[in-house]
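>>> here you go, sequence then predicted model.
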Amino acid sequence: MTSSPSDGSFIVELRRSRITLTVPPDRTILQVVREAGIEAPSSCESGTCGTCETRVLEGVPDHFDAVLSPKDKREGKSMMICCSVSLTPKLVLDL
Ligand code: FES
């Protein structure tokens with residue numbers, strides 16, 4: 001597995017929206033996605049409600065939520081984009 005860039009940022013490709021964004025270390029995926037004009041549902045924005053759950057198509061998420069089970073987290077098929085980040089330089093999301 002490749003490590004993330006040293007500044008902590010990573011790339012997120014939104015496959016359905018056909019755009020690629022950079023998520024800096026001080027922003028969440030949700031914030032960056034919204035700033036790009038993409039609608040993404042959310043509620044708690046702290047990793048506890050599950051509203052922002054998004055399918056992961058490629059890449060390995062680093063989960064910081066309290067919603068997914070340990071098994072779900074290991075499988076890495078979805079993530080909470082309000083709080084979780086990436087272990088790989090790039091994530092491809094179903095957005
Ligand atoms: S908005 Fe609640 S878990 Fe992300």
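It's in. What you see is a predicted model; the values in this text were computed from it and never measured.

>>> every contact and neighbour count from this point should use C-alpha atoms.
Noted.

>>> do you know the pLDDT at the spatially most central residue of the chain?
Centroid-nearest residue in the chain: Ile81, 4.0 Å away (criterion: CA atoms, centre = their mean). Per-residue pLDDT puts Ile81 at 98.

>>> what about Cys83, distance to Ser69?
For Cys83, the distance to Ser69 equals 16 Å [CA to CA, to the nearest Å].

>>> those two: which has the busier surroundings?
The neighbour comparison of Cys83 against Ser69 (other CA atoms under 10 Å) goes to Cys83, with 19 against 10.

>>> residue contacts, the more buried one?
Thr28, Ile29, Glu45, Ser46, Gly47, His63, Phe64, Asp65 (CA atoms under 8 Å, 6 or more residues apart in numbering).

>>> mind telling me what element it is part of?
Using DSSP states H and E, Cys83 falls within no helix or strand.

>>> what segments of the chain are helices?
Using DSSP state H, the helices found in the chain span residues 29-35, 70-75.

>>> quick check: which of these is buried the most?
helix 29-35 (a mean of 17; mean count of other CA atoms under 10 Å).

>>> on contacts alone, who are the packing partners of that helix?
strand 19-23 (3 or more CA pairs under 8 Å, 6 or more residues apart in numbering; DSSP states H and E).

>>> note down every partner strand of the strand it packs on and its orientation.
Sheet pairing of strand 19-23 (DSSP bridges) gives strand 10-14 (antiparallel).

>>> what's in contact with the strand it pairs with?
Against strand 10-14 from outside (CA under 8 Å, 6+ apart): 4, 19-24, 29, 86, 88-95.

>>> try it again with 10 Å
For strand 10-14, contacts defined as CA atoms under 10 Å, 6 or more residues apart in numbering pick out 3-5, 19-25, 29, 32-33, 38, 56-59, 85-95.

>>> now which of these would you call buried?
20, 23, 29, 32-33, 56-59, 85-93, 95 (16 or more other CA atoms under 10 Å).

>>> pick out whichever of the contacts of Cys83 sits closest to Gly76.
Taking CA to CA as the measure, Gly76 lies nearest His63 of those, at 8.5 Å.

>>> neighbours around the residue lying closest to the closest one once chain neighbours are set aside, how many?
Of all residues not flanking His63 in the chain, Ser84 sits nearest, at 4.7 Å (CA to CA, 6 or more residues apart in numbering). If you count neighbours by other CA under 10 Å, Ser84 ends up with 18.
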